[in-house]
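Undergrad: using only what follows, build the 3D model:
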Amino acid sequence: IGASGSGKSTAIDRLLTKTSGLILPQEGQDHCDVVSLMVPSPATLKSVGRSILEALGRPLRRERTTDAIWELVRGFLKERKVLFLHLDEAQDIARHQTPKEMQSVINTLKSLMQSRSWPVGLILSGMPGLKDLLNYDPQLARRVFPLELPRLSPLGDIGEVRAVVGFYSAEVGIPWEPEATAADVAARLIHAADREFGLLIEMTIDGLEEALHSGASSLSVEHFAAAFSRRSGCIAGLNPFIADEYERIDVRKLLGREGEE
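TA: Predicted structure coming up:
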């Protein structure tokens, strides 16, 4: 669970692609250990079931009832020997559902894990709204191991952020700012990324690209400022790498202009 830009999708992708021996779906291959898909929007029990069948390589040929679709899902999961089913943006399953529909979703997910003939593990990733789905039913909650990607702290994570930027700088052979300014740039970088780790990594790479393209001999705050300006289209006064009172800036807003702090 994490906010937009926290890095959860990258973390899941790395888990699935870097785990040794894990068999991923391939065309013409019957067996796969894990199937991964994004929950469709709007998400209903029926549309999610259809999407799972497509990810399994067994798209529906004709219209079916919801119960029939999920019976096919369970059958094809067993046929392909799937061990884990990953649903990304899983919070959408709980959105705009009546209590009866919500319980039906919960029961369906539990039935996959509790199947006597072929139990399948679930990997759910999504925004903080996913907590509503997990906490709706105690039986589902006790079957999951939750992992929340926390937001960065502008005070407590300065050292770690400096280490991250230093690592990437070393990888491309461009030294970072002198010690005297590194802490200030790290604090501004945390705010510019809205305290989300994934966005911070993206902005670090953007800053390094600016330095490389300009032929600079070191990475400076000016490179981060130029990268943020290119990303957001904001004026200098609303650039967290330039403004004095940068903590007041809404860094998620594009094309920021005067009077919009």
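Undergrad: from what I see, residue 233 and residue 254 are in contact.
TA: Yes. In terms of Cβ atoms under 8 Å, residue 233 counts as a neighbour of residue 254; the distance is 5.7 Å. Bear in mind the C-beta positions are built from the backbone N, C-alpha and C, glycine included.
Undergrad: comparing these two, which shows the higher neighbour count?
TA: When residue 233 and residue 254 are compared for neighbours, residue 233 comes out ahead with 13 against 8, by other Cβ atoms under 10 Å.
Undergrad: what's the local residue count around residue 164?
TA: Neighbour count for residue 164, taken as other Cβ under 10 Å: 17.
Undergrad: got a list of what the residue lying closest to it once chain neighbours are set aside touches?
TA: Of all residues not flanking residue 164 in the chain, residue 204 sits nearest, at 6.7 Å (Cβ to Cβ, 6 or more residues apart in numbering). Applying Cβ atoms under 8 Å, 6 or more residues apart in numbering, we find residue 204 in contact with 164-165, 168, 189.
Undergrad: need the three-state assignment for residue 204.
TA: helix (DSSP: H, G, I helix; E, B strand; the rest coil).
Undergrad: tell me how far it lies from residue 120.
TA: Per Cβ to Cβ, to the nearest Å, residue 204 is found 37 Å from residue 120.
Undergrad: pLDDT value on residue 166, please?
TA: For residue 166, the model assigns a pLDDT of 92.
Undergrad: sorry, back to before: farthest pair within the contacts of residue 204?
TA: Put simply, by Cβ to Cβ the two of these set farthest apart are 168 and 189, 11.7 Å from each other.
Undergrad: quick one, which of these two is more surrounded?
TA: Using other Cβ under 10 Å, the more surrounded residue of residue 168 and residue 189 is residue 189, with 26 against 16.
Undergrad: check the closest residue to residue 22 other than its chain neighbours and give its pLDDT.
TA: Distances taken as Cβ to Cβ, 6+ apart put residue 33 closest to residue 22, at 5.2 Å, once the chain neighbours are dropped. Listed pLDDT for residue 33 reads 95.
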